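Q: got a structure for you, letters missing:
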DNA sequence: GGTATATGTTGCCAAAAATACAACACTGTT
DNA sequence: AACAGTGTTGTATTTTTGGCAACATATACC
């Protein structure tokens, strides 16, 4: 496949500048990319003409420019969580063979807003648009554990495994935070186990959760941690797609 | 000044894609930029390789890519002004009930870098990342009046109230300096009035502006001076937070 | 269903643009 | 004052790019 090399060089410069705290000089950039100073200089001028980089006040070091903000923000406004999440739900189905779901928090419950069915699965009715309780579903527990919103409602039982004791639930939630994914072990529906992980946006705010659910016969307790890690990684990739930067979360939680 | 033309073409493609709702095809892009289909195709492939654009699922139309989000977000992280300003924007919303904005000067325009919406407000699309002209917005007039950077561009009209006469604008700017805040009286958008005031840093250098904007029905001409004083005081408090000392400014202006 | 129109991608060679090298201007340092 | 470092500009050479065409694929129209 043909690549326009000078365009590629310009884009490489932008990627380089991303990782430098205080900008970079022409010579420094040229060395990193193994190109001549003069080429770097001209590439930088072009990038600057279009606002993709800008020079520091002393007209020496180059920084990322405001045009990137403009374009990036534009992107955010037009793409909804659901559109973004869909390919990742498919990825989950491909990797686990189970049904995948996307939910957001609404009305102190988990609102299912998308679903991708596994090909081999029995035909189940779509759960999109349904609300589920937070304390006994994997998607709901993610919101409790990572959303910072405590559970005040009564812990209504749905199966004999449903956790109804607040302190037991608290223990489960901190465990959830530690391992990065939540588990529902037949706590809402008999014979169904679920795993879910958090999705963050560009402000490091929890915006939803994705997860899988399947029959206890296939989603066994032996395999559930493997599933959990797959879900966790996929959710992380989706978050990155939404502009989430793990470092942001660190500073945010540090402030709280 | 030398420009790397193929890089420029790639950047132009990104700018084109910003203004298209559902992406654009190779041929369409080629026509807009008066280049050959084949060139457009190769440029797009290069942009796609680096994540600056991506193809729609049907492998046809091109959209802006996630890398722009990553880079744009990175840029935001750099700007500590934004972090400092946030509580003051909330304060403005609390005191006035209107939307509050923070902007900096970039490319001879006002770059919106943060926004806090009033609770009662209709849900408006975020303006973060957008560039606005200086001569007909309150935030922009602040930069002209207090930034010491004269206006040389043409005064393009946006509404019938937009000031297009240089000497009228000059009079407005000195009035702005005297009272300490700038007003936009439906000069950019019909039905919207804005008020803004300058933010200085520890060196007494203008670093940005904060302000509010709201429907002319609520931000009336009778109340606008009250709003102006609130904005001015809040901006002053933020400046103090950034280490600004009013005495510094006096010595600075005396030296010039 | 079959033809016609439009779109996206790939080879090839001439033509044009980017590069390397050097020279130059400028800054801060020893 | 000489020096080392940086950033920019001129010019010839060489590489890359871009136009043209063919090809493959998708979409519209009888």
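A: That came in fine, so what should we check first? On a predicted model such as this, the values are computed, not experimentally measured, just so you know.
Q: Tell me the confidence at residue A:58?
A: For residue A:58, the pLDDT comes out at 61.
Q: again with residue A:252
A: So residue A:252 comes in at 46 (pLDDT).
Q: And the helix or strand encompassing residue A:226, what's buried?
A: Assessed by DSSP states H and E, residue A:226 sits inside helix A:224-241. Within helix A:224-241, the residues that count as buried by 16 or more other C-beta atoms under 10 Å in any protein chain shown are A:224, A:227-228, A:230-236, A:238-239, A:241. (Each C-beta comes from the backbone N, C-alpha and C, glycine too.)
Q: From residue B:128, how far out is the residue of the stretch 151-256 of chain A found nearest DNA strand C?
A: Going by C-beta to the nearest atom of the strand, DNA strand C is nearest to residue A:241 of the stretch 151-256 of chain A, at 21.6 Å. Distance of residue A:241 to residue B:128, computed by C-beta to C-beta, to the nearest Å: 19 Å.
Q: How about residue A:227?
A: 37 Å.
Q: picking up where we left off before, let me know the average pLDDT across the helix holding residue A:226.
A: On average, helix A:224-241 scores 93.
Q: Run the chain-centre distance for that helix.
A: Relative to its chain's centre, helix A:224-241 lies at 8 Å (C-alpha atoms, centre = their mean, to the nearest Å).
Q: same question, stretch A:210-230
A: 19 Å.
Q: Correct me if wrong: residue A:110 contacts residue A:211.
A: No - contact criterion C-beta atoms under 8 Å: residue A:110 and residue A:211 do not qualify, at 9.9 Å.
Q: Give me the common contacts of these two.
A: Common neighbours of residue A:110 and residue A:211 are listed as A:103, A:139 (criterion: C-beta atoms under 8 Å, 6 or more residues apart in numbering or on different chains).
Q: residue in the stretch 151-256 of chain A nearest to chain B?
A: residue A:243 (4.3 Å; C-beta to the nearest C-beta).
Q: Residue A:110 and residue A:211 - which one has more neighbours?
A: residue A:211 (33 against 28; other C-beta atoms under 10 Å in any protein chain shown).
Q: Roughly how far does the residue in the stretch 1-150 of chain A positioned nearest to chain B sit from DNA strand D?
A: Closest contact between the stretch 1-150 of chain A and chain B, by C-beta to the nearest C-beta, is at residue A:72 (2.4 Å). Note on residue A:72: its distance to DNA strand D, by C-beta to the nearest atom of the strand, to the nearest Å, is 25 Å.
Q: That residue - how many residues pack around it?
A: Neighbours of residue A:72 using other C-beta under 10 Å come to 25.
Q: pretty sure it is touching residue B:74, no?
A: No - using C-beta under 8 Å, residue A:72 is not in contact with residue B:74, being 9.1 Å away.
Q: related to what we said a few turns ago, any idea how far the residue of the stretch 151-256 of chain A closest to chain B is from residue B:139?
A: For residue A:243, the distance to residue B:139 - C-beta to C-beta - is 25 Å.
Q: do the same with residue A:232
A: 42 Å.
Q: Could you list the domains of chain A?
A: Domain ranges of chain A: A:5-76, A:79-255, per automatic domain parsing.
Q: Report how far apart the opening and closing residues of the shortest one are.
A: End-to-end distance of domain A:5-76: 29 Å, with C-alpha to C-alpha, to the nearest Å as the criterion.
Q: which residues in the stretch 151-256 of chain A form helices?
A: A:166-179, A:224-241, A:246-255 (DSSP state H, counting those that start in this stretch).
Q: So which elements touch the second one?
A: Same thing as helix A:224-241. Secondary-structure packing of helix A:224-241 (3 or more C-beta pairs under 8 Å, 6 or more residues apart in numbering or on different chains; DSSP states H and E): helix A:81-96, helix A:166-179, strand A:182-185, strand A:192-200, strand A:206-215, helix B:66-78.
Q: do that again at 6 Å, thanks
A: Helices and strands touching helix A:224-241, as assessed by 3 or more C-beta pairs under 6 Å, 6 or more residues apart in numbering or on different chains; DSSP states H and E, comprise helix A:81-96, strand A:192-200.
Q: quick one, which of these is nearest to DNA strand D?
A: helix A:81-96 (19.1 Å).
Q: Averaged pLDDT, the helix or strand just after that closest one. What do you get?
A: From helix A:81-96 onward toward the C-terminus, using DSSP H and E, the following helix or strand is strand A:99-106. For strand A:99-106, mean pLDDT rounds to 86.
Q: Show me the contact partners of strand A:99-106.
A: If you take C-beta atoms under 6 Å, 6 or more residues apart in numbering or on different chains as the criterion, strand A:99-106 is touched by A:85, A:89, A:92-93, A:110-118, A:121, A:139, A:143, A:208-213.
Q: Quick check: which element contains residue A:139?
A: helix A:138-147.
Q: And for that helix, what's in contact with it?
A: For helix A:138-147, the external contacting residues (C-beta under 6 Å, 6+ apart) are A:103, A:105, A:110, A:134, A:151, A:173, A:176-177, A:182-184, A:194-196, A:198, A:206, A:209, A:211.
Q: how far does it sit from the chain's center?
A: 14 Å.
Q: Then stretch A:16-27?
A: 27 Å.
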